[in-house]
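K.L.:
Sequence isn't available, so here's the structure alone:
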C-alpha cells in the first residue's frame with residue numbers, strides 16, 4: 001500500500017507530543033503504566049517527596065525510551081504548554097475541593113455515629129434536650145472518646161491546608177486513580193465478601209451446629225453435674241475446717257525442740 005494512502009487513512013497529528021501519546025510503543029506504555037501505579041500509591045499515602053521524585057524519574061525515563069526531545073518541545077511550544085497546564089490545574093482544583101470536603105467529612109462522621117449512640121443511652125433525641133447534668137456527662141464522655149467539643153470542627157485558618165490543597169491539585173489524576181483502585185480493591189471486595197458471608201450465615205451456623213453437636217451434648221450433660229459436685233465439695237471442706245464449724249481449716253504450728 002503506498003505511503004501516501006497510509007497518511008490519508010491514519011494521519012499523524014501535527015503536534016509531536018500528541019503523536020507520542022497516541023503511538024507510543026509497548027515499552028513506553030509498560031513503563032508509563034508502572035510509574036502511574038507507583039505514583040498513585042504514593043499519592044494515596046500522601047508521600048509528597050517520594051511522589052515528586054517518582055514523577056521526575058518517570059518523565060526522564062519515558063523521554064529516554066521514546067527519544068522525545070521534551071525540553072526542546074516545551075521551549076518551542078510555550079502556548080500549548082500553558083494551555084495544558086491551565087486545563088490540568090482546573091481539574092486539579094475541582095478534585096482538591098472534593099478531597100478537602102471528604103477529608104473533613106471523614107473526621108466528623110465518627111463523632112456523629114458516637115453522638116447517636118450516646119444520646120440513645122441518655123434517653124434524648126438531640127443535644128438540645130439535655131439537662132445540665134446530662135450535658136456535663138455528655139461533654140466528659142465526648143472528651144474521653146476523642147471528640148473535644150470546645151475545639152472540634154473549628155476551621156478558622158484555611159491557610160494551614162494550603163499544602164494539602166496544592167498536593168491534591170498537583171497530583172489529582174493519580175489521586176483519582178488511587179481512590180478508584182482503593183474502592184475497587186478494598187471497599188468493593190470487602191462489601192462483596194461481607195455480603196456473601198452474611199448470605200451464607202444461616203448455612204454456616206447449621207454446619208457448625210452439626211459439627212459440634214457431640215461437644216454440645218457433652219457440655220449439657222457434664223457441666224451442670226460438675227458444678228453441683230464442685231459446690232458440694234467446697235461446702236464439705238468449709239464445714240470440716242476450724243473449731244465451731246464453718247470457715248477454713250486452722251493451720252497447726254509444730255515446734256521441734258532440740259534435746260538437752
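P.N.:
That came in fine, so what should we check first? From a predicted model like this one, the values you see are computed outputs, not experimental measurements.
K.L.:
So residue 159 versus residue 166, what's the distance?
P.N.:
Distance of residue 159 to residue 166, computed by CB to CB, to the nearest Å: 12 Å. Every C-beta, even on glycine, is put in place using the N, C-alpha and C of the backbone.
K.L.:
burial of residue 122, as a residue count?
P.N.:
18 (other CB atoms under 10 Å).
K.L.:
Next, work out how far apart residue 46 and residue 35 are.
P.N.:
18 Å.
K.L.:
Those two: which has the busier surroundings?
P.N.:
residue 35 (18 against 13).
K.L.:
so which helix or strand takes in the residue lying closest to residue 70 once chain neighbours are set aside?
P.N.:
With sequence-adjacent residues excluded and distances taken as CB to CB, 6 or more residues apart in numbering, residue 70 is closest to residue 63, at 4.6 Å. Residue 63 belongs to helix 48-66 when assigned by DSSP states H and E.
K.L.:
just checking, what packs against that helix?
P.N.:
helix 26-44 (3 or more CB pairs under 8 Å, 6 or more residues apart in numbering; DSSP states H and E).
K.L.:
ok now the helix it packs on, how far from the chain's centre?
P.N.:
On the basis of CA atoms, centre = their mean, to the nearest Å, helix 26-44 sits 23 Å off its chain's mean C-alpha point.
K.L.:
which outside residues touch that helix?
P.N.:
Contact with helix 26-44 is made by 20, 24, 50-51, 54-55, 57-58, 61-62, 65-66, 167, 171, 174-175, 177-179, 181-182, as judged by CB atoms under 8 Å, 6 or more residues apart in numbering.
K.L.:
Could you identify the buried members of those residues?
P.N.:
With neighbours counted using 16 or more other CB atoms under 10 Å, these contain these buried positions: 20, 24, 51, 54-55, 58, 62, 65-66, 167, 171, 174-175, 177-179.
K.L.:
now the protein, which segments are flagged as low pLDDT?
P.N.:
Where the chain drops to pLDDT under 70, the residues are 1-25, 153-158, 239-260.
K.L.:
Which stretches in it count as helices?
P.N.:
For the chain, the helices defined by DSSP state H occupy 3-9, 16-22, 26-44, 48-66, 70-76, 78-122, 132-144, 162-170, 172-182, 189-199, 201-211, 213-240.
K.L.:
Out of those helices, flag the one nearest residue 152.
P.N.:
When the helices of the chain are compared by CB to CB, helix 78-122 sits nearest residue 152, at 7.0 Å.
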